[in-house]
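J.: Show me the folded form of this:
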Amino acid sequence: MRLGVISLVTLAIFSLCCASPEDTASLVAALQNEAQPELERPDPYRDAQGVAIDSARIEATEDELAEVRHGDLAGKAVAERPSDPRYPGICARTAPHASVWGDSDGISFSYRSSRRVAAELYFDDAAFWEDRAAPVAAQTFDSGLHTQHLAAPSGATFILVLRAGCGERLYRVATPAPSWRDPSVCPDGVVIADPGNIQNYSFTSDVQNVIDASATIAPDSLEIDYTFNGAEVVHFRGSDFAEQDLSQFTHFCIPYRGLANGPDVAIGLILRGADVDPAFGEALAWVRVEEVTDLPVTRAWTVDASEFVSLSGNLDIHRVRGFDISISCRTNGSWSVCPASGVSGNVRFGSLRGLELDPAPRAPERVAHRPHHMASIADQLASSGSSCTGLVSGGSIQGSLRYLYPNGLRLSVLSRAGRAEALQLAQTLTQIQQSDGSFCAEYYESQCWVSPANQCRKIPGAMAYAGLGLLEAEASHPGNGFREAAEDLVAYLEGLLVNGGSLENSTEGNISAYLFLSAASSLGILVQEATLQSLRTLIESRYVNGRLMTSATGNTLALDVTAGLAAAYWMERHDPTRLERSLGLARELFATRSFDGSLEGFGDVTGPWTVNAEWGVGMYATYGGVDGEFVMRRYLETHVSGGNVMGSPDDFAADFISVNHRLPSVAAAAWVYFALEGQRYPLDRID
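T.: Numbers count the residues shown, from 1 in each chain. All right, here's what the predicted structure looks like:
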């Protein structure tokens, strides 16, 4: 009773000094009514002048957004409304006023309030205005006069919702674009060898008397012209430098550019030790990158110190006295004696630097939910399949071979998007599944007949995406045998792991298979815990220097096993330390630009050479890559049209396992879709 008297007294005082009679009457009536009325739809938003906005969505013009991003409109209130329609007069007065601005790592705001303030930050997109999708950040702050901060991605526009009591006010604010280093220049480091200090040099070859090469040495560059006349290797040996201890360096970087008019050529960077082994001669270790001789721009080629492998003897990294360059010729993708004439080229290098990279750990980020782009991508993927089978060709929309990996991804997209075409594609996969439960990596399709290609290469990583697609198809079209097909694939993969070990050499493939098996287990398919533990042990044994090795036999820098799939794995294992370490390292190592310099993004596999949409935009953003929203928005604006996602802004081979091309890419489109969906596919299927 006493509490009731106090409440009424407080209410009376409030009504006398603060609220209108109408407000007070409505509040008293609500408080006295034990059965609270159902909340009605809130009053419309009001603009900064208090005028009601009769629209479910408040659109900003491109000019306004441009002004926001340059700070002229940053932090200005764009709308307000009471969050409880029963007490509009009272609630409107509790909505907090604030000064809001964006900075390099998020949104800051100063406010004064007699109440605690709830802050929610959203991307300024349709998902917010239509249903207030999950916020980028949310936190409640104390009353009083304060300046607070919410972490948020760079290069994006947001709506900050500030709520106190039953009123709220909205602010549109942008964060500045992230800094982007020049990809043609190595990061600051220690100069190990400067071309200008080469006093003399020599060329050798695997075949005598066929050397046709010359070098031009400038203060900041070493340029080599070569011609293969029956030789497979041209070896440039520079003069010795003072003996150095390189053990403190985590990475090495050298600017590189190449031009060629013949078959594939591999470039090798060789470190020469001070020791001479009587049995092996000089101690040499090297790292090699293939098929980059047609690189038309200078790129800072960065390698992990652990990538160097022995050529002869055992190199003592504490005692290094020189570096050499090897140029190796390949024909039709395999090592062979080069043609007698006509194979020539030019390569140019800058100073070799040693780096000590220890980037700060970075938390995973989200990208804005963009339903319109998702629908366009799903439409395009749905319409691109064969009328007979639903299969689509490989990396691009057009082609003859039907690759398993992009078709598995495509099935997942179509199923999650609720497209009818998913049923036909899933049925085709069950029909082409081998009797042992496996799949071939490639198929031919001719006159509605599908047959294995390339002797039915079996790649477990590619099978994993077919399996994930079947799980998605089972969820959208149950009772069609898709679960049984997934069970057969599980049995096949488990059979490969009877004695432990790995499913395939690549870490990427083992992670993909692990994610499929985990998703299958979560959906009730029997998967032995020993199988999952065997893969966990294998994957985690390859964690070196803050990232996963690409395979058991190689440690080439690759984006998908530094961030990408590696990030998905650490998320699934609930290991934030390794996750954030990997994301920080990936942001440092793989940032690049298109050849014309107009588009920032991330590249894959050594270099990085240019922006790659599959790994450096879609997959990178799907698993929380740093600055993924900035890169995604820029790529959507420039290289996505009508649901077609270009594989890259440039045509460039960039090593034999990573091809960049200016054609629509099925795999890139799928990963962009998953990123925009925001569910961390396929982690949302894993308990």
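J.: Next one, pLDDT for Gln679 please.
T.: The confidence metric pLDDT takes the value 94 at Gln679.
J.: Look up how far Glu472 lies from it.
T.: If you measure Gln679 against Glu472 using C-beta to C-beta, to the nearest Å, the figure is 12 Å. (Glycine included, C-beta is placed from N, CA and C.)
J.: swap in Ala305?
T.: If you go by C-beta to C-beta, the gap between Ala305 and Glu472 works out to 41 Å.
J.: Look at these two and report which has more neighbours.
T.: Between Ala305 and Glu472, counted using other C-beta atoms under 10 Å, the more crowded position is Glu472 (25 against 20).
J.: Can you name every helix or strand that the helix or strand where that one lies contacts?
T.: Per DSSP states H and E, Glu472 falls inside helix 460-476. With contacts defined as 3 or more C-beta pairs under 8 Å, 6 or more residues apart in numbering; DSSP states H and E, the packing partners of helix 460-476 are helix 404-416, helix 421-432, helix 482-496, helix 507-522.
J.: switch the cut-off to 10 Å
T.: Secondary structure elements in contact with helix 460-476, counted by 3 or more C-beta pairs under 10 Å, 6 or more residues apart in numbering; DSSP states H and E, are helix 404-416, helix 421-432, helix 482-496, helix 507-522, helix 666-677.
J.: Let's have these in TSV, adding distance to Thr537.
T.: Conversion of the helices and strands packed on helix 460-476 to TSV gives the following (distance: least, C-beta to C-beta, whole Å):
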stretch	distance to Thr537
helix 404-416	25
helix 421-432	30
helix 482-496	15
helix 507-522	11
helix 666-677	28
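J.: among those, which is nearest Val287?
T.: helix 507-522 (17.9 Å; C-beta to C-beta).
J.: now the angle between helix 404-416 and that closest one, please.
T.: 40 degrees (axes from the mean of the first three to the mean of the last three C-alpha atoms, to 10 degrees).
J.: that older thread, rebuild the helices and strands packed on helix 460-476 as JSON lines, extending it with mean neighbour count and distance to Arg163.
T.: Formatted as JSON lines, the entries for those read as follows, by neighbours: other C-beta atoms under 10 Å; distance: least, C-beta to C-beta, whole Å:
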{"stretch": "helix 404-416", "mean neighbour count": "26", "distance to Arg163": "33"}
{"stretch": "helix 421-432", "mean neighbour count": "20", "distance to Arg163": "41"}
{"stretch": "helix 482-496", "mean neighbour count": "20", "distance to Arg163": "45"}
{"stretch": "helix 507-522", "mean neighbour count": "24", "distance to Arg163": "36"}
{"stretch": "helix 666-677", "mean neighbour count": "27", "distance to Arg163": "28"}
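J.: right, and the ones you listed - which one's nearest Arg348?
T.: With respect to Arg348, and counting by C-beta to C-beta, the nearest of these is helix 666-677 at 30.8 Å.
J.: chain center to that closest one: distance?
T.: For helix 666-677, the separation from the chain centroid amounts to 11 Å (computed by C-alpha atoms, centre = their mean, to the nearest Å).
J.: thinking again about what came up before, quick one, the helix holding Glu472 and helix 482-496 angle?
T.: Interaxial angle of helix 460-476 relative to helix 482-496 (the same axes, to 10 degrees): 150 degrees.
J.: Which positions within helix 460-476 qualify as buried?
T.: Along helix 460-476, the positions that meet the burial threshold by neighbour count (16 or more other C-beta atoms under 10 Å) are 460-474, 476.
J.: Over to stretch 597-604?
T.: Buried residues in stretch 597-604, counted by 16+ other C-beta under 10 Å: Leu599, Glu600, Gly601, Phe602, Gly603, Asp604.
J.: Show the model's pLDDT score for the residue lying closest to the fourth one once chain neighbours are set aside.
T.: Excluding the flanking residues, the one nearest Phe602 by C-beta to C-beta, 6 or more residues apart in numbering is Gly616, at 3.4 Å. Model confidence at Gly616, given as pLDDT, is 94.
J.: ok, now which ones touch Gly616?
T.: If a contact means C-beta atoms under 10 Å, 6 or more residues apart in numbering, then Gly616 has 559-560, 563-564, 586, 590-592, 601-604, 608, 610, 625, 628, 631, 635, 648, 658, 660, 668, 671 as its contacts.
J.: swap the cut-off to 6 Å and go again
T.: Gly601, Phe602, Gly603, Asp604 (C-beta atoms under 6 Å, 6 or more residues apart in numbering).
J.: looking at it, the last one is touching Leu559, isn't it?
T.: Pointing back at Asp604 there. Yes - counting by C-beta atoms under 6 Å, a contact exists between Asp604 and Leu559, whose distance comes to 4.3 Å.
J.: Now list whatever residues contact both of those two.
T.: In contact with both Asp604 and Leu559: Trp615, using C-beta under 6 Å, 6+ apart.
J.: for the stretch 201-350 of the chain, which spans come out with low pLDDT?
T.: Along the stretch 201-350 of the chain, the model assigns pLDDT under 70 to residues 207-210, 261-264, 277-280, 290-291, 293, 330-342.
J.: returning to that earlier point: if I've got this straight, the residue nearest to Phe602 is in a helix?
T.: Yes - inclusion of Gly616 in a helix is indicated when DSSP: H, G, I helix; E, B strand; the rest coil is applied.
J.: how much space between Gly408 and Cys388?
T.: As for Gly408, its distance to Cys388 is 19 Å (criterion: C-beta to C-beta).
J.: no wait, Ser446
T.: Taken as C-beta to C-beta, the spacing of Ser446 relative to Cys388 amounts to 10 Å.
J.: How about Pro135?
T.: Counting by C-beta to C-beta, the gap from Pro135 to Cys388 is 46 Å.
J.: more neighbours, these two?
T.: Using other C-beta under 10 Å, the more surrounded residue of Pro135 and Cys388 is Pro135, with 19 against 14.
J.: of the helices and strands packed on helix 460-476, which approaches Arg288 most closely?
T.: Across these, closest to Arg288 is helix 507-522 (C-beta to C-beta), at 19.2 Å.
J.: What are the contacting residues of the closest one?
T.: Helix 507-522 is contacted by residues 460-461, 464, 467-468, 471, 486, 490, 493, 502-503, 527, 535, 539, 542, 548, 550, 560-561, 565, 569, 682, 685-687 when judged by C-beta under 6 Å, 6+ apart.
J.: For it, list the C-alpha coordinates in PDB.
T.: Provided in PDB are the C-alpha atoms of helix 507-522 (Å, rounded to 0.1, in the frame of the first residue of the first chain):
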ATOM      1  CA  THR A 507      44.200 -28.100 -45.600                       C
ATOM      2  CA  GLU A 508      41.400 -26.300 -47.400                       C
ATOM      3  CA  GLY A 509      39.900 -29.700 -48.400                       C
ATOM      4  CA  ASN A 510      40.200 -31.100 -44.900                       C
ATOM      5  CA  ILE A 511      38.500 -28.100 -43.400                       C
ATOM      6  CA  SER A 512      35.700 -28.300 -46.000                       C
ATOM      7  CA  ALA A 513      35.100 -32.000 -45.200                       C
ATOM      8  CA  TYR A 514      35.200 -31.300 -41.500                       C
ATOM      9  CA  LEU A 515      32.500 -28.700 -41.800                       C
ATOM     10  CA  PHE A 516      30.300 -31.000 -43.900                       C
ATOM     11  CA  LEU A 517      30.700 -33.900 -41.400                       C
ATOM     12  CA  SER A 518      30.000 -31.600 -38.500                       C
ATOM     13  CA  ALA A 519      26.800 -30.300 -40.200                       C
ATOM     14  CA  ALA A 520      25.700 -33.800 -41.000                       C
ATOM     15  CA  SER A 521      26.200 -34.900 -37.400                       C
ATOM     16  CA  SER A 522      24.200 -31.900 -36.200                       C
END
